[in-house]
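> With the input below, show me the fold.
(chains A, B, C and D)
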2 protein chains.
Amino acid sequence: MSETAPGPDRDAARRPLSRDLVLRSAVALADQSGIDAVSMRRLGQELGVEAMSLYHHVHRKDDLLGGMVETVVAEINLAVGALRGPDPAADWRAALRARVLTARGLMLQHTWLPGVLESRTTVSPGVIRYYEGVLATLRAGGFSYDLAHHALHALGSRVLGFSQELFDPSTPAEDAASQAALAELATELPHLVEMLAEVAHDDPGSTLGWCDDQTEFEFGLDVVLDGLERRRSAAPA
Amino acid sequence: MSETAPGPDRDAARRPLSRDLVLRSAVALADQSGIDAVSMRRLGQELGVEAMSLYHHVHRKDDLLGGMVETVVAEINLAVGALRGPDPAADWRAALRARVLTARGLMLQHTWLPGVLESRTTVSPGVIRYYEGVLATLRAGGFSYDLAHHALHALGSRVLGFSQELFDPSTPAEDAASQAALAELATELPHLVEMLAEVAHDDPGSTLGWCDDQTEFEFGLDVVLDGLERRRSAAPA
DNA sequence: ACCTGAACACCGTTCAAGT
DNA sequence: ACCTGAACACCGTTCAAGT
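Residues are numbered from 1 along each chain as shown, chains lettered A, B, ... in the order given. As a prediction, the model looks like this:
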């Protein structure tokens, strides 16, 4: 293959920098080492370039984060667009469920995304496009715009496939510390202790820290979808 | 009043540092200037002390953030504990609703809390205590431990009074930028455009950026509570 | 025991300079 | 046009020194 770069071959592996390459590298770095590892200097290093060179392809760090979001959300929109699922006019819940679980599948591969998405203060065009598809599904399912609007708020981040849990130790050490903290409070927490004992009995190995996220996500999603269906059928468009 | 500090009065206003004073100052600083303003150096400055002095009262920054959470959640637990609301045995939904909305009232005064709470990886004793109260309410309302466990997951952060919105420009400039981004995509977004037109008609002045958060929060909460009640009554404890 | 100041290893970003 | 390196104003945290 022809290398466009002239001169000695000391940097053969380095492709010319582009916004797309910068964003993809940033996503890969975040996937591998967490979002905190994504600094301009570290990302430059990863690309074999000075940190300052990145500024030719990205306005500032905030723009980098926004671009990372767009990169992944574009993937999600592609997957959701390719979906040949249930007809929303026949079963809007099944149709929306398929969209959400498809999005979730991709979300789970980029665990930094929820945090970044929530911390953004400018709107993401990709997320807007995603919502357009959700809204079309709800409309086809017989929702008025007013109820669909409420529905989007009620679903919140769940529509994109994630829900933040208030307990989620991310390392074994933190999990152990959390267990210890809980044990220390045990006498104050009779209901919690009994619940955990029972849940652990039904599902050995589960703890407060690692309940089955997928099951719980789907349970919560279905609770919301059911509640919305009741309201829809009570007040059709 | 007697000042315990001897010596010249050049620092009369400075109370002796304590963990409690450090935490309260940090909360006040975050309330006023946002969580990004809470750096060790800046907080020290606020207290008239070198940044390094804070380390005598706080293990590290992470401990400071954890302490800030505890400070506010203790407030919430106090308010929720003082509640003389509906009897959960008679109406668990009303009882839980009262707890959640009380928590939300205090949450709204510390807008940095949701973000910090979600980014923590060690469990908060205060939040655990809060959950104990919620669980007691659910049990009194006739939930099995198994269903109550699912319910806690389904409620997620909503149980503490907040739900993250994927659209929330925090400044007028960001709001304007978001509106512009949306306008540019308008032809691709027929449903979204029509929905916004209708919602704006019903509720003039509302935009994607600032729907009535309280109304939407309560709508979403009730959707979940209704869905849970259906499951509870279908499979009593 | 409590507080200090210098130092270390990092940040994001600006700017003038190189090719 | 694209990339560089020094510099600026910040971070959290360690350490040896002060009282």
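
> Would you mind identifying the helix or strand in chain A with the lowest mean pLDDT?
Across the helices and strands of chain A, mean pLDDT, DSSP states H and E gives its lowest value to helix A:172-184, namely a mean of 81.

> which regions of chain A lie under the pLDDT threshold?
For chain A, the stretches flagged by pLDDT under 70 are A:1-15, A:201, A:203-212, A:236-237.

> Please list the residues of chain A that sit near DNA strand D.
A:16, A:17, A:44, A:49, A:50, A:52, A:53, A:55, A:56, A:57 (C-beta under 7 Å from any atom of the strand). For the C-beta atoms, the positions are set from N, CA and C on the backbone; glycine is no exception.

> Any chance of JSON lines for these, columns distance to residue A:99 and secondary structure?
As requested, those are exported to JSON lines (distance: C-beta to C-beta, whole Å; DSSP: H, G, I helix; E, B strand; the rest coil):
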{"residue": "A:16", "distance to residue A:99": "37", "secondary structure": "coil"}
{"residue": "A:17", "distance to residue A:99": "35", "secondary structure": "coil"}
{"residue": "A:44", "distance to residue A:99": "37", "secondary structure": "helix"}
{"residue": "A:49", "distance to residue A:99": "38", "secondary structure": "coil"}
{"residue": "A:50", "distance to residue A:99": "42", "secondary structure": "coil"}
{"residue": "A:52", "distance to residue A:99": "41", "secondary structure": "helix"}
{"residue": "A:53", "distance to residue A:99": "39", "secondary structure": "helix"}
{"residue": "A:55", "distance to residue A:99": "37", "secondary structure": "helix"}
{"residue": "A:56", "distance to residue A:99": "37", "secondary structure": "helix"}
{"residue": "A:57", "distance to residue A:99": "32", "secondary structure": "coil"}
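
> which one of those has the most neighbours?
residue A:44 (19 neighbours; other C-beta atoms under 10 Å in any protein chain shown).

> need the contact list for it.
Going by C-beta atoms under 8 Å, 6 or more residues apart in numbering or on different chains, residue A:44 touches A:50, A:51, A:52, A:53, A:54.

> what do you get if the cut-off is 7 Å, keeping everything else the same?
Contacts for residue A:44 (C-beta atoms under 7 Å, 6 or more residues apart in numbering or on different chains) come out as A:50, A:51, A:53, A:54.

> Need the max-distance pair from the residues you listed.
A:50 and A:54 (8.3 Å; C-beta to C-beta).

> any idea what sits nearest the residue in chain A that DNA strand D sits nearest to, other than its immediate chain neighbours?
Residue nearest to DNA strand D within chain A: residue A:50 (3.2 Å; C-beta to the nearest atom of the strand). For residue A:50, ignoring the flanking residues on the chain, the nearest one in space by C-beta to C-beta, 6 or more residues apart in numbering or on different chains is residue A:44 at 5.5 Å.

> distance of the one you found from DNA strand C?
9 Å (C-beta to the nearest atom of the strand, to the nearest Å).

> again with residue A:233
50 Å.

> and that residue, how many residues sit next to it?
Based on other C-beta under 10 Å, the number of other residues close to residue A:233 is 9.

> other SSEs contacting the host helix or strand of it?
Element membership for residue A:233 (DSSP states H and E) is helix A:213-234. Judged by 3 or more C-beta pairs under 7 Å, 6 or more residues apart in numbering or on different chains; DSSP states H and E, the packing partners of helix A:213-234 are helix A:92-107, helix A:145-155, helix B:145-155, helix B:213-234.

> want to throw the ones you listed into CSV with distance to residue B:175?
Putting those into CSV (distance: least, C-beta to C-beta, whole Å) gives the following:
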stretch, distance to residue B:175
helix A:92-107, 26
helix A:145-155, 17
helix B:145-155, 29
helix B:213-234, 14
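
> what's stretch A:133-149 in contact with?
Taking C-beta under 7 Å, 6+ apart as the rule, stretch A:133-149 contacts A:80, A:88-89, A:92, A:95-96, A:99, A:151-152, A:159, A:231-232, A:235-237, B:191-192, B:194-195, B:198-199, B:202.

> now the end-to-end length of that stretch.
Using C-alpha to C-alpha, to the nearest Å, the end-to-end distance of stretch A:133-149 comes out at 13 Å.

> Can you tell me how far the most centrally placed residue in chain A is from residue A:75?
Nearest to the mean C-alpha position of chain A, by C-alpha atoms, centre = their mean, lies residue A:107 at 3.8 Å. As for residue A:107, its distance to residue A:75 is 10 Å (criterion: C-beta to C-beta, to the nearest Å).

> just residue A:17 next, same as before
Residue A:17 sits at a distance of 22 Å from residue A:75 (criterion: C-beta to C-beta).

> for stretch A:83-100, which positions count as buried?
In terms of neighbour count (16 or more other C-beta atoms under 10 Å in any protein chain shown), stretch A:83-100 has its buried residues at A:85, A:86, A:88, A:92, A:93, A:95, A:96, A:97, A:98, A:99, A:100.

> likewise stretch A:74-82?
Neighbour counts over stretch A:74-82 (16+ other C-beta under 10 Å) mark A:75, A:76, A:77, A:80 as buried.

> Looking at those, which are in helices?
If you go by DSSP state H, these have A:75, A:76, A:77, A:80 in helices.

> Which member of those is positioned nearest residue B:27?
residue A:76 (37.1 Å).

> Pull up the residues of chain A that are close to DNA strand C.
Contacts of chain A with DNA strand C, taken as C-beta under 7 Å from any atom of the strand, map to A:38, A:39, A:40, A:41, A:42, A:51, A:52, A:55, A:60, A:61, A:62.

> Many thanks, have a good one.
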